[in-house]
Every structure is written in C-alpha cells, then in structure tokens.
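Peer 1: Give me coordinates for this.
(2 chains)
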Amino acid sequence: GAVVSQHPSRVICKSGTSVKIECRSLDFQATTMFWYRQFPKQSLMLMATSNEGSKATYEQGVEKDKFLINHASLTLSTLTVTSAHPEDSSFYICSARDWGLADTQYFGPGTRLTVL
Amino acid sequence: EDQVTQSPEALRLQEGESSSLNCSYTVSGLRGLFWYRQDPGKGPEFLFTLYSAGEEKEKERLKATLTKKESFLHITAPKPEDSATYLCAVQADFGNEKLTFGTGTRLTIIP
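Peer 2: Numbering: from 1, shown residues only, chains lettered A, B, ... in the order given. The predicted structure is shown next:
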C-alpha cells in the first residue's frame, strides 16, 4: 500500500523558535498533500492543502504566515511553524493522495510538537 | 456545510462480541466516504472507501456499508488488537479533495 512518512516524529522546542516538519510519499507521487492538526481526543482538522509547484490553500482561521507550507516536489511537502508558542503544541499529521488509487488519502505517522 | 457525526463516542466490547459503529453524514453531494483506524499517537490507517449507497466492503473482521445518510462499520468477533479509534470522513462531490472527519468512536475490546 501507499506509504507516507513524517520527520521528526516528535520535537520539543523553545517558545519563539521555528520548527520544520517534513512529509514524504515513499512509493508514489503526490501532486496534492494535506496538513492536519489534532488535539487530544479530538478529530483531525484540516489546516491546508498543498499542491506541488503552487501556493498552499489554507483553511479559514489558519495563519498563513505562521504555518508556512512548501510543496517543492511530487514526494515532499514541508510545514514550518514559525515563532512557535505553547498554544501551537499539538499533533500534526500530513496526508497524500495517490492518484493511482483514486481519491484515497494516506496519512503519515504524525509529529508531536511541544513548545515550552 | 458538510457534517459527520459518529456514534457511539466510546464502545467497550468483550472479545468475540460483535457490534456496529455508526457514521451519519450530510454533504451536498457525496464523492466518497472513508473509514480509517487510528491508534494512540499515530496517524490514521486507511481501511475502506465507499462511493455509492448499497456498496459494501470487507476486510478481515470488518465490514463497511453505506446508505444515502449513513455508514456502518460492522465488527465481527473482535479481538483485543482491534482496539483503536475508528474515524469516518466524507469527501464532497465538487472537485474539492477536502475530507471532513467525524470525532471518531473509541473501541476497546476486553480479553
């Protein structure tokens, strides 16, 4: 099946620093990747849709300048949390759509971000 | 606005005790309904995609069904390793790839 990886799996940083999270599709090309955020015991909330070679589309209420998304290739998208604060602490999960397996989004293992 | 409601919120079953999880949805036009399994601290694992009312899909002890208003995930003779949160999501039929998720059913299978 389609495999999506994320790195790092967990990161702890100081308030005010920036953190970059990588999302890779390992065995397929993904023209579209998605970034989600999940709070404890809550469901996934879509933050943005990332298209290869173009600007990301952000959901209402998500700060574009705070959550920078780059989709530089068909297998890699990155999410940078800039000037992180404790309220940004969360579980961030990416997904990628495999066009060969129509419509299905495959998810990465997630990244636990803790901002001190 | 697309909405997905899952019930029950939590379900505890004895090993071997079959049951069903419900996913009710409202969407302008359904492109697909998805079931995922999520273990604590991990990303969702894809289970099924259903596209039209009357469709059914099976995988081991799981069977997913779809009507025009809801989907059921039937679990037959569950084992402790089936314990997880099961998420339902819908994709609307107007060129938008966005998934709208329900809040999930936390399933616990007691040995």
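Peer 1: On the three-state scheme, A:Ala84 is what?
Peer 2: Using DSSP: H, G, I helix; E, B strand; the rest coil, the structure places A:Ala84 in coil.
Peer 1: before we move on, what about B:Glu81?
Peer 2: Per three-state DSSP, B:Glu81 ends up helix.
Peer 1: In space, what's closest to it - neighbours in sequence excluded?
Peer 2: B:Ile109 (7.8 Å; CB to CB, 6 or more residues apart in numbering or on different chains). From N, CA and C alone the C-beta is placed, and that goes for glycine too.
Peer 1: Can you report how many residues lie near that neighbour?
Peer 2: 20 (other CB atoms under 10 Å in any protein chain shown).
Peer 1: Pretty sure it sits against B:Leu13.
Peer 2: Yes - using CB atoms under 8 Å, B:Ile109 is in contact with B:Leu13, at 5.5 Å.
Peer 1: show me the contacts for the residue of chain A found nearest chain B.
Peer 2: Residue of chain A nearest chain B, by CB to the nearest CB: A:Phe107 (3.8 Å). Counting by CB atoms under 8 Å, 6 or more residues apart in numbering or on different chains, A:Phe107 touches A:Val4, A:Ile93, A:Cys94, A:Ser95, B:Tyr36, B:Gly43, B:Pro44, B:Glu45, B:Phe46.
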